[in-house]
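Engineer: make a model of this:
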Amino acid sequence: MTRPGNRPPSAAEQRLAASLSGAVDLTGLKKRAEARRDAEKNAGAPGRAVGGGPVTQVDVDEASFEQEVLLRSAQVPVVVELMSRRAPSPLTALLATLAEEAGGRWIHATVDVDTAPMIAQAFQARAVPTVVAVAGGRPLADFEGDQPEEALRGWIGAVLQATEGKLEGPPEGMAAGHGEEGAEPADPERDAAEQALAAGDLAAAEERFAALAQARQGDHSLLEALRYVQAARRATEGDDSAEGTVAAAQRAADRSLVAGEYEAAFGVLVDAIRVSAGDDRAALRTRLLELLDALPGDDPRVLAARRDLASALY
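Structural biologist: This is a model prediction of the structure:
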């Protein structure tokens, strides 16, 4: 599997389809998915029904990985986005839009790495978002991080070119559009917040997520999204050259959190707390407690950071 750093691979790099054997071992995921699917079948769990149009986007977990990624990729490329719903990225909306435009020529599959860690491990993902193109049951190319639309269109075009004539193609007789039944209920307020984030309007996204988090205090995922957006906004503001130790530590933590590197984000603040005192220590502690809200309270990374904080303070 190609790993070109933080840029989409060039068209030439896509032509590695003939030498993909052994790039990533997905057999463990397949066996795990088979076992879980059999258990769900025995328990009477309903399957997913597909409507009249071609599917352009699917949500994937470890149970559905074989069906939604491996088997689908025998027909058309499946662009797997390894992401975290507690740290939403504009890339998700952009990929969804491009997939819908393509009308079934390729599928956008989203995987929440927090609930499906085995998939992230199988693809050797080091950060979120990570995007992997799968064709014929094998990974073809990948990249990390957000990408501008022009580069993303070029990358997808190269994937389609590399797989042209080598896959079964989408099912015949399917009209353009997508119609997967059983979609989640509409949530226009949350959609508006996520659309603002996708458009890069961090101020509007922060305002909308803040209002939602206040109105729906039982939904911790909204607070997680709010903390992510706040960190993203702060990371893009200010001047590094004019910062002191406290501000520099806070900025480093924000950038790590936005990159999905939670342990690093928490660790840089804990380290700064250890060598600080007075108002500086209080400011660093406050920021750390805010960032801890970006994950569920029972997350092992949060529990470890709280232990580290107690050690640093006392």
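Engineer: which residues touch the residue nearest to the spatial centre of the chain?
Structural biologist: Nearest to the mean C-alpha position of the chain, counting by C-alpha atoms, centre = their mean, stands Met83 at 1.0 Å. Shown in contact with Met83 (C-beta atoms under 8 Å, 6 or more residues apart in numbering): 89, 91-92, 110-113, 128-129. C-beta coordinates here come from the backbone N, C-alpha and C atoms, glycine included.
Engineer: same question, Glu206
Structural biologist: Residues counted as contacts of Glu206 (C-beta under 8 Å, 6+ apart) are 226, 229-230, 233.
Engineer: with Arg85 instead?
Structural biologist: Counting by C-beta under 8 Å, 6+ apart, the residues that Arg85 touches are 112, 114, 221, 224-225.
Engineer: so which of those is the most crowded?
Structural biologist: Ala225 (27 neighbours; other C-beta atoms under 10 Å).
Engineer: that residue reaches Ser84, doesn't it?
Structural biologist: No - counting by C-beta atoms under 8 Å, Ala225 stays clear of Ser84, with 10.1 Å between them.
Engineer: which stretches of the stretch 201-314 of the chain aren't confidently modelled?
Structural biologist: Along the stretch 201-314 of the chain, the model assigns pLDDT under 70 to residues 238-243.
Engineer: now the strands for it?
Structural biologist: In the stretch 201-314 of the chain, no strands are defined using DSSP state E, counting those that start in this stretch.
Engineer: which residues of it fall in helices?
Structural biologist: For the stretch 201-314 of the chain, the helices defined by DSSP state H, counting those that start in this stretch cover 202-215, 220-236, 245-258, 262-274, 278-292, 300-313.
Engineer: TSV for those, including distance to Phe143?
Structural biologist: Putting those into TSV (distance: least, C-beta to C-beta, whole Å) gives the following:
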stretch	distance to Phe143
helix 202-215	23
helix 220-236	20
helix 245-258	17
helix 262-274	21
helix 278-292	26
helix 300-313	25
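Engineer: so which of those comes closest to Glu150?
Structural biologist: Using C-beta to C-beta as the measure, helix 220-236 is the one of the helices of the stretch 201-314 of the chain that comes nearest Glu150, at 20.6 Å.
Engineer: restrict the closest one to CA atoms and write it as PDB.
Structural biologist: Coordinates of each C-alpha in helix 220-236 appear next as PDB, following Å, rounded to 0.1, in the frame of the first residue of the first chain:
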ATOM      1  CA  HIS A 220     -21.700  13.900  25.300                       C
ATOM      2  CA  SER A 221     -20.800  13.500  21.600                       C
ATOM      3  CA  LEU A 222     -21.900  17.100  21.100                       C
ATOM      4  CA  LEU A 223     -19.500  18.300  23.800                       C
ATOM      5  CA  GLU A 224     -16.800  16.200  22.200                       C
ATOM      6  CA  ALA A 225     -17.400  17.900  18.800                       C
ATOM      7  CA  LEU A 226     -17.500  21.300  20.500                       C
ATOM      8  CA  ARG A 227     -14.100  20.800  22.100                       C
ATOM      9  CA  TYR A 228     -12.700  19.700  18.800                       C
ATOM     10  CA  VAL A 229     -14.000  22.700  17.000                       C
ATOM     11  CA  GLN A 230     -12.700  25.000  19.700                       C
ATOM     12  CA  ALA A 231      -9.200  23.500  19.500                       C
ATOM     13  CA  ALA A 232      -9.300  23.700  15.700                       C
ATOM     14  CA  ARG A 233     -10.200  27.400  15.800                       C
ATOM     15  CA  ARG A 234      -7.500  28.200  18.400                       C
ATOM     16  CA  ALA A 235      -4.900  26.300  16.400                       C
ATOM     17  CA  THR A 236      -5.500  28.500  13.400                       C
END
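Engineer: perfect, that will be all.
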